Every structure is written in structure tokens, then in C-alpha cells.
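Enquirer: Only the shape, not the letters, is given here:
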């Protein structure tokens, strides 16, 4: 069943660094996760005086940010979605081809539809010519439209009492009109206003030196969703309860990964304090559906990571959104 999704494209006007859990500046991630984006949007609304709902829910759910390629503003973008953590693998005798297939991490919509529909990609060597580095598409794209560049920088203490410390920072650059996009479900009225502020605030690390600025516009895509007993999350996912999680992972075909989410508080004067942490499931995991469906579903919860027990002076909630957009997938 063809399902329409509203998407927002971010066209970056400056380089972008996305930090990992280790705060390793020398490596930038290439995906900006939904919970971090949602937190940034919430912060921007608070800065301009918008009242944040008491439960932290802004009325919409977003996917994580995924790459797209666009030659110029008049060309149709090629949207990519992440490879599922579990799929049918082809038998390839050629080791070189096997390595190329293994490297693929992103599929355009047409290939993604095949994958979630249960089709084994690259069977009998098909479509190998459409592998372009990490991306699988029959469309014409710049092979390195999303590239990274490592440069040396120096940390200098505020009072100059310590020697300068060099470090390396990896930053992402996008060619042409390419960038990152996200899918949204729900009422986007607050989202539009938040993006108007966030585009000049920037996302990612070191925004104060010009990283992560962007312009944005919206679009609509269609994905042919299968009817299935399995689902995959397009966002970071925090289960609503232990019972819900047990029902979703009690199956031999599930496949998932999770990571710790937290980070530093961004509001003054608490910038040097870390939030509480929570583990969430990463996008492209596979779960048992709670009901057979051919439509999207929204599941998960929003949690407050305010470290009030250790730092009682922080008197506002620090929301982390673990609500996710789920789509059915065939295994």
C-alpha cells in the first residue's frame, strides 16, 4: 500500500559535525538521530518564549535524519533510507562483490521498498552496478556527495594557564543541494516555527564556530508498505513499558541495536553538567509487531533526563523523545 509521508530537507550552508557517545571529535557520524533533533527543536521553541507542553510532546513525531542527493534546486531529490539490521542475503561467490554489497548502508526508495517487501537484493548478481559507495540507487548521483574532511584545531584554556592542546575534528560536507532530511507524522505547526529558529542556531557540535547551519524546505514522498507481522523503527525508540518490549522482541526474527543517549545540558548556567542517560533502540531495528498491519504506527515514550537528584538547581525538565515512527517490513 502506497503511503504518503511529509519530509523536511535540510540544505547545509556550513560543515556539520555529529558527535558520537564517546565525544570523539576525530570522527563524525553521518546520521543525526531523532531524539537529538527533537531536543534541539524544543530548545529553540523555549528560547522564543513558546510554551512547551508539560509532557514534552510537541504534537509530532520525526524520524532520524537521513541523507538525500539533489543536483540543484530544480532537480528531484533522491532520498535514502537505512538498510535493515536483518535481511535476506544473496549468495555471491565473488569476494569483491560481496564486500561491495556489505558496504551498502543506504537504499533509495525503490530499493528500500523491495527490501521491506521481502525481496532478496543482489540475487544472481543483479543491481551490483547500482552500488555507489555506501549508497544503492539506479539514479545518477555524485558518488561522494556526502564527504568528510578532518582538520586540526587547538584548544586554549580561558585564562591561558595551560598549554594549547591540538585535536582533530571530522566535519561533513555536502555537494550541490544535497543534505539530510527527516520524515514527520503529526501536526507540523510548531515544527515550522522551531526550524526557522534552529536553521540559524545550527545542529551538531561546535555550532558557536559556524557548524551545522542550514536552510530548509518541505516535500512529500511515497513508500509502498507491505502487510506484515514485523516492523522497523525510523527513529530512536524508547519502549513504553517492559511488557511492551517483551512482546516486541519475543521472536526469533527480531534484530536490534541500542545505544546510550544523554549528553551535556545546553542551557546556561548548567552547560558543564551532563544529563541523565537512557538507552534507546537505533533506527532500522526489527521488532515483532503488536498487530498485523500495512500502515505506520507511532510507539515509544518521552523521558525527562533532568539530573535533579545530583544537581537540585536545575528546575526545568530536559526532555528526550523516544517516540518512533514504525513501518511494516517483511522478513
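Expert: Thanks, I have the structure now. None of these values were measured; they are calculated from a predicted model.

Enquirer: centroid residue for this structure?
Expert: Nearest to the geometric centre of the chain sits residue 64, at 2.6 Å (Cα atoms, centre = their mean).

Enquirer: I figured that one hits residue 235, correct?
Expert: Yes: look at residue 64 against residue 235 with Cβ atoms under 8 Å: they come within range, at 5.6 Å. To be clear about C-beta, it is placed using only N, CA and C from the backbone, and glycine gets the same treatment.

Enquirer: Residues in contact with both of these two, list them for me.
Expert: 33, 34, 283 (Cβ atoms under 8 Å, 6 or more residues apart in numbering).

Enquirer: Excluding covalently adjacent residues, which one is nearest to the last one?
Expert: Meaning residue 283. Counting by Cβ to Cβ, 6 or more residues apart in numbering, the nearest residue to residue 283 once its immediate chain neighbours are dropped is residue 64, at 5.0 Å.

Enquirer: And for the second one?
Expert: Distance criterion Cβ to Cβ, 6+ apart; nearest residue to residue 34, sequence neighbours excluded, is residue 235 at 3.8 Å.

Enquirer: show me what contacts the one you found?
Expert: Residues in contact with residue 235 (Cβ under 8 Å, 6+ apart) are 33, 34, 35, 61, 62, 63, 64, 283, 300, 323, 324, 325.

Enquirer: How about residue 56?
Expert: By Cβ under 8 Å, 6+ apart, residue 56 lies in contact with 42, 302, 304, 317, 319, 321.

Enquirer: swap in residue 290?
Expert: When contacts are counted by Cβ under 8 Å, 6+ apart, residue 290 touches 244, 247, 248.

Enquirer: In ChimeraX, how would I select the buried members of those?
Expert: Here is the ChimeraX command that selects only those of the contacts of residue 290 that count as buried (16 or more other Cβ atoms under 10 Å):
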select :248
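
Enquirer: follow-up on the earlier one: quick one: which of the contacts of residue 56 is most hemmed in?
Expert: residue 321 (27 neighbours; other Cβ atoms under 10 Å).

Enquirer: What pLDDT is listed against that one?
Expert: Confidence at residue 321, expressed as pLDDT, is 95.

Enquirer: In three-state terms, label the closest residue to it other than its chain neighbours for me.
Expert: Of all residues not flanking residue 321 in the chain, residue 38 sits nearest, at 4.1 Å (Cβ to Cβ, 6+ apart). For residue 38, the assignment made with DSSP: H, G, I helix; E, B strand; the rest coil gives helix.

Enquirer: What's the end-to-end length of stretch 175-189?
Expert: 30 Å (Cα to Cα, to the nearest Å).

Enquirer: check contacts around the nearest residue to residue 322 once chain neighbours are set aside.
Expert: In space, residue 322 comes closest to residue 238 once its chain neighbours are excluded; the distance is 2.4 Å by Cβ to Cβ, 6+ apart. Residue 238 sits next to 278, 280, 281, 300, 301, 303, 320, 322, 323 when contact means Cβ under 8 Å, 6+ apart.

Enquirer: Could you point out which of these is nearest to residue 72?
Expert: Residue 72 has its nearest neighbour among these in residue 323, at 35.0 Å by Cβ to Cβ.

Enquirer: Assign a three-state SS to the residue nearest to residue 34, would you?
Expert: Classified using three-state DSSP, residue 235 is coil.

Enquirer: How about residue 96?
Expert: Under three-state DSSP, residue 96 falls in the helix class.

Enquirer: Quick check: it vs residue 206, distance?
Expert: As judged by Cβ to Cβ, to the nearest Å, residue 96 and residue 206 stand 39 Å apart.

Enquirer: List the contacts of residue 191.
Expert: By Cβ under 8 Å, 6+ apart, the contact list for residue 191 reads 8, 41, 58, 60, 62, 184.

Enquirer: Let's have those in a markdown table, adding pLDDT.
Expert: As requested, the contacts of residue 191 are exported to a markdown table (pLDDT from 0 to 100):
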| residue | pLDDT |
| --- | --- |
| 8 | 98 |
| 41 | 96 |
| 58 | 96 |
| 60 | 97 |
| 62 | 98 |
| 184 | 98 |
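
Enquirer: just to revisit the earlier point, if we only consider the contacts of residue 235, which is nearest to residue 294?
Expert: Among the contacts of residue 235, and counting by Cβ to Cβ, the member closest to residue 294 is residue 325, at 14.9 Å.

Enquirer: For burial, what's the neighbour tally of the closest one?
Expert: By other Cβ under 10 Å, 26 other residues sit near residue 325.

Enquirer: who's in contact with the nearest residue to it once chain neighbours are set aside?
Expert: Excluding the flanking residues, the one nearest residue 325 by Cβ to Cβ, 6+ apart is residue 234, at 4.6 Å. Each residue near residue 234 by Cβ under 8 Å, 6+ apart is listed here: 34, 63, 64, 81, 183, 283, 324, 325, 326, 327.

Enquirer: show me what contacts the last one?
Expert: To tie it back to what came earlier, the one meant is residue 327. Counting by Cβ under 8 Å, 6+ apart, residue 327 makes contact with 116, 223, 225, 231, 232, 234, 296.
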